[in-house]
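Student: Let me see the structure of the following:
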Amino acid sequence: MSIPQSGGGPIESHDQLAQLLSDGCKPKSDWRIGTEHEKFGYCIDSQMPLPYSGERSIEAVLSGLRDKFQWAPVEENGKLIGLTKDGANVSLEPGGQLELSGAPLETIHETCDEVNTHLREVQEVADKVGVKFIGLGAAPIWKHEDMPVMPKGRYKLMTDYMDRVGSLGKTMMYRTCTVQVNLDFASEADMVQKLRVALALQPVATALFANSPFIDGKPNGHKSWRSRVWRDLDPARTGTLPFVFDDGFGFEAWVQYVLDVPMYFVYRDGNYINALGQSFRDFLKGELPALPGEKPSLSDWADHLTTVFPEARIKQFLEMRGADGGPWRRLCALPAFWVGMCYEQSSLDAAWDLAKGWDAETREGLRVAASVDGLQGEFNGIKLHDLARECVAIADAGLAARARPGAGGLIPDETHFLNALKESVESGRTPADELLEKYHGEWNGDLSRIYEEYSY
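Tutor: As a prediction, the model looks like this:
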C-alpha cells in the first residue's frame, strides 16, 4: 500500500484538486513503467508467516537488505518499515507481505531486470535466516489469526474500520498479494481512454493471472479468490466505476468521486490521526472533526487519493490493480500485457474497440466470471478465453511497434515477456488451474507441498 505523501502547500481553491491529477500528464517520450509486486514470507521449518521482529522475521529481511545491498531505511515511530534506493522502495503490507514498488523505468527489459535483482537480493538475505517467499494471490493455508500485524499506524486504523463496511476487508489486508503496473498518460483525453480500457479489460488480467484457488487450507471455488475478496470489501471505494464511462468524464469527475469516499486518516508529524468515516469535503471547509479548524494541504489530498481501491485508479499516473501475485516469470508479463495495449495508440484503439459496446452489467459480469472461472469464465456470450487471446495479440502488436530492444540490442523488442500469457492462451490454463490439478492429483490434498514447489 501507499506511503505517506509529502510536499504541496495549502489547498486554496477547488481547481487544485483536479490540477494535481492533471500535473501527471507528460509527453509520450517521458512515459515510464512502474511495476509493483507483493509476496508472502514464511519460516521454512514451520511454514508459518514471518513475525515482524525476531531472528526469522520481516525486520531481519529488511535489515539484511539495508546492510548488504545499501538500501536506505524508512522508519515509523522507530520501527523499520521500509527501504528506498534509486527511485524504488520496499514496503510492507499489513500482514508482512513484502512489496517492491519499482522505479519508473523506460522499458520492460529494465523493469524486469529490477524485479530479478530484487528477488535475488531477497533470496540471498532470506536463505541466511531460514526464510522463503512465495508468490500467490492469497495465503493458501494461514488463517487470519495466524497473520502478524505490521507496526504501521495506517494499517491499524484500516483494520479497525474494515468490519464496518464489508466482510472481507481484513482478508484483503492480511492474506492477499498482487502484482500491478503503473503507466503514464499524455492528456486528459488519453487518461480517459486508458482508464476505460483498464477498467473494462481488467477481468482479462484477473483471468490470465488467476492464482488464488485456496483459502483456509482448501479449495475456495474461485480461480482468483483475491478478486472475490475485492467484491466484498467496501463498496464506497472499490469496483468497476460505471461513471468513468459516462460522457464528459475527466479529472474533475474523478475528484468528485474521491471526495465522496469516506476518509481513513490525516498524516501529521509521523502519526496517523483517526479520521475514519469523515468527509474530505468537510476538511476543505475546515470542519473535519479530527482536526477542527484546520484545512488540508495538497499532500493530504494526495494521501486521500491512495485510499480508493477500484480495479484501476488514477493519481498522477494510472494503476492496473486486477492481477494476483504469482510466479517469478509472470511478474514481468503483467507490465508487458498493459504496456503493449496502452503505449501505442493503434493498440489502445484496438483494445477499446473490444470493450466500447459493453454496458456496466457486462463489465461487472466479466469481473465476477474471471474471479470464479478464470479463462473458462464467460458472461453474456463473451468468453474470457477468446477475449484474452485477442488482448494478448493486441499487446504483442503494441510491443512490436514500440520496438524497444534489450540485452544490448540482441533482443529486438519486448514481446517475449508475453510468453507466459501466450502459453496460457494456447492451453487455456492459468496458474490456478495448475495448482488445482496438483492438489487433486499428485499432492493428494496435501496443500503444504505448495511451499516447496512454488517458493521463489
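Student: so what's residue 268 closest to, chain neighbours aside?
Tutor: residue 291 (7.9 Å; C-beta to C-beta, 6 or more residues apart in numbering). Every residue, glycine included, has its C-beta placed from N, CA and C.
Student: measure residue 383 to residue 354 for me?
Tutor: 12 Å (C-beta to C-beta, to the nearest Å).
Student: Actually, residue 443.
Tutor: For residue 443 relative to residue 354 (C-beta to C-beta), the value is 37 Å.
Student: Between these two, which has more neighbouring residues?
Tutor: residue 354 (18 against 15; other C-beta atoms under 10 Å).
Student: neighbouring contacts of stretch 273-286?
Tutor: 11, 14, 157, 160-161, 164, 258-259, 261-267, 288-296, 300-301, 304 (C-beta atoms under 8 Å, 6 or more residues apart in numbering).
Student: Those residues, buried ones only, as a PyMOL selection?
Tutor: Entered in PyMOL, the line below selects the buried ones among the contacts of stretch 273-286, by 16 or more other C-beta atoms under 10 Å:
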select buried, resi 11+157+161+258+259+261+262+263+264+265+266+267+288+290+291+296+300+301+304
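Student: Model confidence for residue 6, exactly?
Tutor: Model confidence at residue 6, given as pLDDT, is 55.
Student: Pull the number of nearby residues for the closest residue to residue 197 other than its chain neighbours.
Tutor: Closest residue to residue 197 apart from its sequence neighbours, by C-beta to C-beta, 6+ apart: residue 351 at 4.8 Å. Residues within reach of residue 351, counting by other C-beta under 10 Å, total 27.
Student: And for residue 31?
Tutor: 18.
Student: ditto for residue 35
Tutor: The burial count for residue 35: 28, using other C-beta under 10 Å.
Student: now do residue 221
Tutor: Residue 221 has 12 neighbouring residues, counting by other C-beta under 10 Å.
Student: helix, strand or coil for it?
Tutor: Counting by DSSP: H, G, I helix; E, B strand; the rest coil, the backbone at residue 221 sits in coil.
Student: Now do the helices in the stretch 301-450 of the chain.
Tutor: 333-342, 345-355, 360-373, 384-402, 419-427, 431-440, 449-454 (DSSP state H, counting those that start in this stretch).
Student: between those helices, which gets nearest to residue 204?
Tutor: helix 384-402 (4.9 Å; C-beta to C-beta).
Student: Now do that closest one: which elements does it pack against?
Tutor: For helix 384-402, the contact count by 3 or more C-beta pairs under 8 Å, 6 or more residues apart in numbering; DSSP states H and E identifies helix 188-208, helix 333-342, helix 345-355, helix 360-373, helix 419-427 as packing neighbours.
Student: what comes up buried for the fourth one?
Tutor: Read it as helix 360-373. So for helix 360-373, counting by 16+ other C-beta under 10 Å, buried means 362, 363, 364, 365, 366, 367, 368, 369, 370, 371, 372, 373.
Student: Which one of these is nearest to residue 151?
Tutor: residue 371 (32.1 Å).
Student: Surely the closest one is in contact with residue 229, unless I've mixed up the numbering?
Tutor: No: shown here, residue 371 and residue 229 do not form a contact pair, counting by C-beta atoms under 8 Å, at 9.0 Å.
Student: my read is residue 51 is in a helix, agree?
Tutor: No: assignment of residue 51 by three-state DSSP gives coil, placing it outside any helix.
Student: quick one: it from residue 301, how far?
Tutor: 35 Å.
Student: who's in contact with the helix or strand containing residue 226?
Tutor: In this structure, residue 226 sits in helix 225-230 according to DSSP states H and E. By C-beta under 8 Å, 6+ apart, the list of residues contacting helix 225-230 from outside reads 137-138, 168, 171-172, 176-178, 206, 210, 212-215, 220, 222, 238, 309, 311, 322, 324, 367, 370-372.
Student: and that helix, average pLDDT?
Tutor: 98.
Student: How far off centre is the next helix or strand after it?
Tutor: Of the helices and strands lying after helix 225-230 in sequence (DSSP H and E), the nearest is helix 251-259. In terms of C-alpha atoms, centre = their mean, to the nearest Å, the centre of helix 251-259 is set 21 Å apart from its chain centre.
Student: neighbouring contacts of helix 251-259?
Tutor: With C-beta under 8 Å, 6+ apart, helix 251-259 has contacts from 17-18, 21-22, 188, 191, 241, 243-244, 246, 279-281, 304-305, 308, 314.
Student: Tell me the buried residues within those.
Tutor: 17-18, 21-22, 188, 191, 241, 244, 279-280, 304-305, 308, 314.
Student: Show only the entries of the residues you listed found in strands.
Tutor: residue 314 (DSSP state E).
Student: just the buried ones among the contacts of helix 251-259 now: which is nearest residue 395?
Tutor: Closest to residue 395, out of all of those and judged by C-beta to C-beta, is residue 191, at 19.5 Å.
Student: can you tell me which residues contact the closest one?
Tutor: Counted by C-beta under 8 Å, 6+ apart, residue 191 has contacts 25, 185, 250, 251, 314, 318.
Student: can you list the residues you listed in CSV and add pLDDT and distance to residue 41?
Tutor: As requested, these are exported to CSV (pLDDT from 0 to 100; distance: C-beta to C-beta, whole Å):
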residue, pLDDT, distance to residue 41
25, 98, 38
185, 99, 35
250, 98, 41
251, 98, 39
314, 98, 31
318, 98, 29
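Student: Next, give me the two most distant ones among these.
Tutor: The widest separation within those (C-beta to C-beta) is 13.8 Å, between 250 and 318.
Student: If anything else comes up later, I'll come back, but that's it for now.
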